[in-house]
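> let me see the structure of the following:
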Amino acid sequence: MVRITHGQMAKLFRRLATGYSAGIDIQAVYSRETEFGNLAYRSKSRAVVEQIRQGKSLAESMKAADGFFPDLVLAVVGAGEQGGRLDEAFNRLAIHYENLVKFRNGFLISIAWPLFELTFAILIIGVLILVLGALFGDAAANWFGMGSAIANFSFYVFCVASVVTTIGLLFHGTKNGCFGTLPMRAAGRIPIVGKTIQALALSRMAWAMSISENAGMDAVETAKMSLAATQNYYYQRLEDAVCRSIQNGNDFATALRQTSSFPTEFLIYVENGELAGALAETMDRASMDLQSRAENNMKLLGTIGFVCTLLLVAVVIGTVVITMFQKFYLDPLNDLINM
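Sure, this is the predicted structure:
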């Protein structure tokens, strides 16, 4: 399924916010999107415009785009249309995705060079296995005890591919809730990492609650949208329990507290907002505070990741150097001594 990227959404909603705030109708504003982006983006934009021409709302038109837009976008746009605050919805979505892109780019930049070094070191080891086998015979490249340079190289490639595949499957499975709450509980035990993941998820939740409240959505729909906005299975799994509690007459703070899954600080934000009758404003501030905290943690994680990757590269290169020194100097020297 083709999905719109965060970068495309950041630019899309910034353009929509600018055009719609200037008084241009939504069909005319969105028609401009058919001129931007790649083939898939332009095709989906034309489909959205066609739906709008048929009299459907923007949220309905986006929903008809075969999963091109995430549920969060559909919910926020729909809430903005229902509450007559579509321009605000566009602005909030633009800011949200601009922050996500900035966040992601900053982290990737911080670890790009160490990852390049690690990849280069992994490739060099594979090349060395083949080259040493060709120059000095299979015994010189029998690092893994497989008997020949080709067999050792194949085993090495298999090991690297297995590690990469395992990491990919773990990431995909965690994102889709295949491992239940285990990844979140495990991450919570890792200093900084758990708090960062939690802050990111709750920042999105607080932001979605603010949007929903401003749009005048009912409490159950607000809860559904807010929990979905976390994009974290640990919180998304609570939807039925939270909605059931709200339907039984409890407020948000009580419904969330009953799950025993939210930090006290977040619950205090929700409780204070409800008591003051300013939940939207309070959760907006909470979202910004949590986002700022997550950004600071990510900068620290980027630095730690940089150092750890450099150390890993040093270990890999050091192991190769020591192995070669032993095979081509110490072993022949020992053979001469023992003759």
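> what is the subsequent helix or strand relative to the helix or strand hosting residue 200?
Here residue 200 sits within helix 193-215, counting by DSSP states H and E. Per DSSP H and E, the first helix or strand lying C-terminal to helix 193-215 is helix 219-229.
> next, the buried residues of that next one.
By neighbour count with 16 or more other CB atoms under 10 Å, helix 219-229 contains the buried residues 219, 221, 222, 223, 224, 225, 226, 227, 228, 229. Placement of C-beta: from N, CA and C, glycine included.
> for the record, mean pLDDT for that helix?
Mean pLDDT, helix 219-229: 88.
> what residues does it touch?
Contact with helix 219-229 is made by 71-72, 75-76, 79, 204-209, 211-213, 217, 235-236, 238-239, 242-243, 246-247, 252, 255, as judged by CB atoms under 8 Å, 6 or more residues apart in numbering.
> any buried residues in whatever helix or strand comes next after it, and which?
The helix or strand immediately downstream of helix 219-229 is helix 233-236, counting by DSSP H and E. Within helix 233-236, the residues scored as buried using 16+ other CB under 10 Å are 233, 234, 235.
> now the strands for the stretch 201-339 of the chain?
Read by DSSP state E, counting those that start in this stretch, the stretch 201-339 of the chain holds no strands at all.
> need the pLDDT of the closest residue to residue 229 other than its chain neighbours.
Once flanking residues are discounted, residue 229 sits nearest to residue 208: 3.6 Å by CB to CB, 6 or more residues apart in numbering. In this model, residue 208 is scored at 83, pLDDT.
> was I right to think residue 208 contacts residue 75?
Yes. At 7.4 Å, residue 208 and residue 75 qualify as touching, with contact defined as CB atoms under 8 Å.
> and the two? Which one has more around it.
For residue 208 versus residue 75, the count of surrounding residues by other CB atoms under 10 Å is larger for residue 208: 27 against 24.
> now do the contacts for that one.
Residue 208 makes contacts with 72, 75, 76, 222, 225, 226, 228, 229, as judged by CB under 8 Å, 6+ apart.
> check the residues you listed and tell me the two furthest apart.
72 and 222 (13.2 Å; CB to CB).
> give me the number of residues near residue 8?
When neighbours are counted by other CB under 10 Å, residue 8 registers 20.
> pretty sure it contacts residue 37?
Yes. Between residue 8 and residue 37 there is a contact at 6.3 Å, judged by CB under 8 Å.
> find the least confident helix or strand in the protein, judged by mean pLDDT.
helix 182-187 (a mean of 69; mean pLDDT, DSSP states H and E).
> how about the helix holding residue 200: buried residues?
So helix 193-215, judged by 16+ other CB under 10 Å, has buried residues 194-215.
> pull the CA atoms of that helix into CSV?
Taking C-alpha atoms only, helix 193-215 is exported to CSV below (Å, rounded to 0.1, in the frame of the first residue of the first chain):
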residue,chain,number,x,y,z
VAL,A,193,15.1,5.3,25.9
GLY,A,194,11.9,4.3,27.7
LYS,A,195,11.2,7.9,28.8
THR,A,196,11.8,9.1,25.2
ILE,A,197,9.4,6.6,23.7
GLN,A,198,6.8,7.4,26.3
ALA,A,199,7.2,11.2,25.9
LEU,A,200,6.8,11.0,22.1
ALA,A,201,3.7,8.8,22.4
LEU,A,202,2.0,11.0,25.1
SER,A,203,2.9,14.2,23.3
ARG,A,204,0.9,13.0,20.3
MET,A,205,-1.9,11.9,22.5
ALA,A,206,-2.0,15.2,24.3
TRP,A,207,-2.0,17.0,21.0
ALA,A,208,-4.8,14.9,19.6
MET,A,209,-6.9,15.5,22.8
SER,A,210,-6.4,19.3,22.4
ILE,A,211,-7.5,19.1,18.7
SER,A,212,-10.5,17.0,19.5
GLU,A,213,-11.7,19.2,22.4
ASN,A,214,-11.3,22.3,20.3
ALA,A,215,-13.4,20.7,17.6
